[in-house]
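Undergrad: Take a look and give me a structure for this.
(chains A and B)
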Amino acid sequence: MTGVRLHSVDKSFGGDQIIDDVSMNISKGEFAVFVGPSGCGKSTLLRMIAGLEETSGGAIDIEGRDITQVEPAKREVSMVFQSYALYPHLSVFENMAFSLRLARTPKQRVVEQVRAAADILKLEGHLDKKPSALSGGQRQRVAIGRAIVRQPKVFLFDEPLSNLDAELRVQMRLELSRLHQKIGATMIYVTHDQVEAMTLADKIFVLNEGVVQQAGPPLELYDDPDNQFVAGFIGSPAMNFLSAVVTRNTVKGIVAEIEGTNGQSLEADITHSVIEEGQSVTLGIRPEHLYMRDGGFTSTVELTENLGGVAYLYTRLAGGQEVVIERRGERVLHARESVQVWADSKDVLVFSERGERLR
Amino acid sequence: MNVRRMQGSERAGTALAASRGWRVNLNTRRIENKILLAITLIGAAIWIFPLYWAFVTSIRDEDHVVSENAGILPDMFNLTAYVESIFNTSILKWYVNSIGTSLIITILVLISGMMCAYALSQMRFPGRRILYAVVMASFMIPTQALVVTQFVLMNDMGLVNTWAGIILPQLIVPVVIIVYKQFFDAVPKEMREAVLLDGGGEYTLLFKVYLPLNWGITTALAIITFIMAWNQFFWPFLVITSEDMMTIPVGITQVRDTFGVSYARVMAVALLGAAPVAIAYLIFQKKVTEAVMISSGVKG
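TA: Okay, the predicted model is just below:
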């Protein structure tokens, strides 16, 4: 069953098109993540679903009900803000009970619902405290608790972990995953952090310049991106992009000469697209798919980042293109050392000059 | 070794000179502080002298007040002026009038100012900016410039010598709107959005979130508005002629007997009239200072 559906939704401020003809389907109970760089329109889209921004065109449905013109409180959505937006003058209990009291819920039920949410979020011991007496993580939990007590159809999260330190972010990320498993509600989560997106999402929507670039399960986006933007945005360190010219077509795909390498080439598997010899393309290779091999193309190490279990080599080709290589179990490589690098043809993705994926 | 000792003694000499310099600086600073303290004390003495003189006059015999022998120091302690003020004037009635009008003015000014500021700060409607410019402009017009028009208006409305006549023109306090707006502007936008999503409207936002979040400024504005209303003389003096409806500052003008003005009694009434505000000031000193600083733009 559909949880949230957007039909050709538009949003413009003045003359600027912020959201451009976005359509999407989020199934009931799914954890969807909107990810993209700053200014891509992901928060605006979330706020449009919440009713905090008007839509300039198109329609939004929640579980089959058109809510495009419905006021925020009647959309049956709850939102968790980046700044938590807790009411500082009210206790944790009153913060969580605020919406229920406005809805004139009987007192006994208010107590039951708040206590149930506090139990899920381990906040039982903090109900009488003011938000100022809580830590960042606890405040975040109160904000989530405030969303839970309303028993909404859809939970909306607007970069909720951005204000937390690195350790707490990881912890809260896990707690959010557990919460989703426990209550099974539809959740839409906005972040610019692709690690959060990859770890939390059932389905990721990658946005850029107000357009959905690709939607799908995290690993599908990682392994099989539709375009160069998605390929570059998903994955850390980012995918390497090498400018190349197709020199030859083979049975399995193409052979392309990498620019600035004096004729050194890489093979890539292509099954559907037709690429003519002499055509300029961009080859995309993930850092973990590059390995050392005699006869590979030559690159010079500029910098190494050793994280213990894994090391990243920042290297540069003679022509100036940067190549990042992931190495596991090998710790010592010095700057200015030359390495011979290779990637298997199945791991080399091909993009057209316009950034479209050629499969 | 000698060279080292020389260097060592040179270093010690430099350190000594430095410490002397430091002491000289410290001494200069102490002298500067003493001069500043003296200037401040002289200033305070000038400011407090009228109050002192009022008190000294109020505890003298009427004959002694105007005699050539009256010195600067208190030479008697006679409470006749206070007793006569309390029992032979309408001061108790004026007290009640002052408390009543000041309270009503304070409550109405705060409610209207807060609602106006909320609308200007949080709601989007055509003419919002112009309206705020009008509020700002009214802040710049002195009350005295409007007094004739206001009097004619009140007279035409038949409100001279009425409570409404005293109160209505005093409800125009643009500074309350400006200060409230500044504070409402500072409330994070997400707070408003959270309330809207929780099912609240503008009244919930104002009375359950924005106002409780700004209790501090509300208290400060209430105190300063009350003091301003209590001390108001010019308008009530113009609009009220009935002694029964006078407030304390206006009532002082009525303290005279068959032989003319009684200075000791006038001063006693003035001090009795100022006493509640002075006591309130002593209790809420911190809040009043904060309110004055906020409304004058020193702190925002």
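Undergrad: Going by C-alpha atoms from here, please, whenever you check contacts or count neighbours.
TA: OK.
Undergrad: Report the contact partners of the spatially closest residue to B:Ala264 that is not a sequence neighbour.
TA: Distances taken as C-alpha to C-alpha, 6 or more residues apart in numbering or on different chains put B:Ser58 closest to B:Ala264, at 4.2 Å, once the chain neighbours are dropped. Taking C-alpha atoms under 8 Å, 6 or more residues apart in numbering or on different chains, we find B:Ser58 in contact with B:79, B:81-82, B:263-268.
Undergrad: make it 7 Å
TA: Taking C-alpha atoms under 7 Å, 6 or more residues apart in numbering or on different chains, we find B:Ser58 in contact with B:81, B:264-265, B:267-268.
Undergrad: Next one: the residue nearest to A:His272 when sequence neighbours are not counted, what pLDDT does it get?
TA: Excluding its sequence neighbours, the residue lying closest to A:His272 (C-alpha to C-alpha, 6+ apart) is A:Arg359, at 5.6 Å. Turning to A:Arg359, the model gives it a pLDDT of 86.
Undergrad: the domain parsing of chain B - what is it?
TA: B:2-58, B:90-295 (automatic domain parsing).
Undergrad: again but with chain A, I slipped
TA: A:2-233, A:240-358.
Undergrad: To B:Ile252, which of those lies closest?
TA: Relative to B:Ile252, the nearest member of those by C-alpha to C-alpha is domain A:2-233, separated by 44.9 Å.
Undergrad: before we move on, the earlier item: wait, what's in contact with the residue nearest to A:His272?
TA: Counting by C-alpha under 7 Å, 6+ apart, A:Arg359 has contacts A:270-273.
Undergrad: got the residues of chain A near chain B?
TA: A:72-73, A:78, A:85, A:89, A:99, A:102 (C-alpha under 7 Å from any C-alpha of the partner chain).
Undergrad: Spatially, which two of these are the most separated?
TA: By the measure C-alpha to C-alpha, A:Pro72 and A:His89 form the most distant pair in the residues of chain A next to chain B, at 23.5 Å.
Undergrad: those strands in the stretch 51-200 of chain B, which residues are they?
TA: When secondary structure is read from DSSP state E, counting those that start in this stretch, the stretch 51-200 of chain B shows no strands.
Undergrad: Residues of it that sit close to chain A?
TA: Selection of the stretch 51-200 of chain B residues close to chain A by C-alpha under 7 Å from any C-alpha yields B:190-191, B:194, B:196-200.
Undergrad: tell me the contacts of the residue in the stretch 201-300 of chain B that chain A sits nearest to?
TA: Nearest residue of the stretch 201-300 of chain B to chain A: B:Leu213, at 6.4 Å (C-alpha to the nearest C-alpha). Each residue near B:Leu213 by C-alpha under 7 Å, 6+ apart is listed here: A:His89.
Undergrad: Also B:Ala222?
TA: Contacts of B:Ala222 (C-alpha under 7 Å, 6+ apart): B:106, B:110.
Undergrad: how does it look with 10 Å?
TA: B:103, B:105-107, B:109-110, B:176, B:216, B:228, B:287-288, B:291 (C-alpha atoms under 10 Å, 6 or more residues apart in numbering or on different chains).
Undergrad: Taking the residues you listed, please make a ChimeraX selection of just the buried ones.
TA: Applying 16 or more other C-alpha atoms under 10 Å in any protein chain shown to those leaves a buried subset, and the ChimeraX line that selects it is:
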select /B:103,105,106,107,109,110,176,228,287,288,291
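Undergrad: Show me the contacts of B:Ala222 that map onto helices.
TA: Residues of the contacts of B:Ala222 located in helices (DSSP state H): B:103, B:105-107, B:109-110, B:176, B:216, B:228, B:287-288, B:291.
Undergrad: A:Ser135 - how many residues pack around it?
TA: 11 (other C-alpha atoms under 10 Å in any protein chain shown).
Undergrad: Hmm, A:Ile49 and A:Ile67 touching each other?
TA: Yes: counting by C-alpha atoms under 10 Å, A:Ile67 does reach A:Ile49; the two are 8.4 Å apart.
Undergrad: hey, what's in contact with both of the two?
TA: Here A:Ile67 and A:Ile49 share the contacting residues A:59-61, A:75, scored by C-alpha under 10 Å, 6+ apart.
Undergrad: packing partners for the longest helix along chain A?
TA: In chain A, taking DSSP H as the definition, the longest helix is helix A:166-183. In terms of contacts (3 or more C-alpha pairs under 10 Å, 6 or more residues apart in numbering or on different chains; DSSP states H and E), helix A:166-183 is packed against strand A:31-35, helix A:107-120, helix A:136-148, helix A:194-200.
Undergrad: for the record, mean pLDDT for the third one?
TA: Which is helix A:136-148. Taken as a whole, helix A:136-148 has a mean pLDDT of 91.
Undergrad: gap between that helix and the chain center?
TA: 22 Å (C-alpha atoms, centre = their mean, to the nearest Å).
Undergrad: which is the next helix or strand following that helix?
TA: The first helix or strand that comes after helix A:136-148 along the chain, using DSSP states H and E, is strand A:154-158.
Undergrad: Could you list the paired strands of that next one along with their orientation?
TA: strand A:77-80 (parallel), strand A:186-191 (parallel) (DSSP bridges).
Undergrad: in the helix or strand following the shortest one, what's buried?
TA: From strand A:77-80 onward toward the C-terminus, using DSSP H and E, the following helix or strand is helix A:92-102. For helix A:92-102, burial by neighbour count (16+ other C-alpha under 10 Å) applies to A:92-100.
Undergrad: From those, pick the one nearest chain B.
TA: Comparing every one of the buried residues of helix A:92-102 with chain B (C-alpha to the nearest C-alpha), the shortest separation belongs to A:Ser99, at 4.6 Å.
Undergrad: ok, that closest one to A:Asp21 distance?
TA: 33 Å (C-alpha to C-alpha, to the nearest Å).
Undergrad: before we move on, what about B:Gly199?
TA: Distance check for B:Gly199 against A:Asp21: by C-alpha to C-alpha, it reads 30 Å.
Undergrad: Mind putting the contacts of B:Ala222 into TSV with distance to A:Ala215?
TA: Converted to TSV, those look like this (distance: C-alpha to C-alpha, whole Å):
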residue	distance to A:Ala215
B:Leu103	63
B:Ile105	62
B:Thr106	59
B:Ile107	57
B:Val109	56
B:Leu110	53
B:Val176	52
B:Gly216	50
B:Met228	64
B:Lys287	57
B:Val288	59
B:Ala291	55
